[in-house]
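K.L.:
what follows is a protein structure lacking sequence information:
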C-alpha cells in the first residue's frame with residue numbers, strides 16, 4: 001500500500017510540473033516542445049551538451065530523430081562529470097565509438113514509458129521493475145519515497161530529476177547519473 005501512495009505522489013508531482021509550464025517543461029534553461037524530436041529539444045538544453053556531443057560522436061542523431069517511440073533516460077552534464085577524469089574525453093574519440101554507442105543505447109528504451117507507466121511497472125513488480133533497453137542492458141527501476149531510481153548493470157544508481165518531458169518521438173526522463181552496462 002505504501003508503494004502505491006509513493007507512485008501516486010510521483011505522478012501528482014509530475015503532473016503539477018507539466019501543468020505549471022503549459023505542457024512544455026524547462027530543461028537546462030530551454031523550453032521543451034512536444035512537436036520536436038528528442039535531438040531537436042536536447043540541443044537546446046544547456047544541461048545536456050555532453051549528451052548531445054556523445055550522441056553525435058556515436059552516430060545516433062538520425063536514430064533519435066527517427067519515428068520512435070523512444071524513452072530516453074537523459075544524463076545531465078553534471079552526471080557525466082561524475083565519471084572518472086578523462087572518461088568522457090576518451091569515449092568521444094572515434095576509436096571508442098562502439099563502447100560509447102553501447103553506453104548511450106543503455107539509456108534508450110524502444111517504447112514510450114511515462115512516469116505513470118514506470119510507477120505501475122514498479123508496483124506490479126512488488127517494488128522493482130526490469131526495463132530492457134535497445135542496447136541490451138537490463139535496468140532496475142524502484143521508488144525511493146516519491147523519486148524513481150534506476151539501477152544500471154554496473155551497480156550504479158541514477159535518480160529521475162525531471163519526468164515526462166514529451167517529445168514528438170517519445171519521452172525524456174532527466175537523470176543525475178550515467179547508466180553503465182555490465183563490464
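P.N.:
That came in fine, so what should we check first? This one's a predicted model, so the numbers in the text were calculated from it and none came from an experiment. Residues are numbered from 1 along each chain as shown.
K.L.:
find the least confident helix or strand in this protein, judged by mean pLDDT.
P.N.:
Counting by mean pLDDT, DSSP states H and E, the weakest-scoring helix or strand in the chain turns out to be helix 2-20, with a mean of 34.
K.L.:
tell me, what residue is most central in this protein?
P.N.:
In the chain, the C-alpha nearest the mean C-alpha coordinate belongs to residue 73, at 0.8 Å (C-alpha atoms, centre = their mean).
K.L.:
which strand or helix spans that residue?
P.N.:
With elements taken from DSSP states H and E, the one containing residue 73 is strand 70-75.
K.L.:
adjacent strands (with direction) for that strand?
P.N.:
Within its sheet, strand 70-75 is paired with strand 108-109 (antiparallel), strand 170-175 (parallel), according to DSSP bridges.
K.L.:
give me the residues contacting the first one.
P.N.:
To tie it back to what came earlier, the one meant is strand 108-109. For strand 108-109, the external contacting residues (C-beta atoms under 8 Å, 6 or more residues apart in numbering) are 64, 70, 71, 72, 73, 131, 132, 133, 134, 135. For glycine as for every other residue, the C-beta is placed from the backbone atoms N, C-alpha and C.
K.L.:
doesn't residue 35 make contact with residue 168?
P.N.:
Yes - contact status for residue 168 versus residue 35: in contact at 5.5 Å, counting by C-beta atoms under 8 Å.
K.L.:
more neighbours: these two, which one.
P.N.:
Between residue 168 and residue 35, counting by other C-beta atoms under 10 Å, residue 168 is the more crowded of the two (16 against 10).
K.L.:
tell me who's in contact with that one.
P.N.:
34, 35, 36, 37, 40.
K.L.:
please redo it, this time with the cut-off set to 6 Å
P.N.:
By C-beta atoms under 6 Å, 6 or more residues apart in numbering, residue 168 lies in contact with 35, 36, 37.
K.L.:
do you know the pLDDT at the residue nearest to the centre of the chain?
P.N.:
Residue 73 is assigned 96 on the pLDDT scale.
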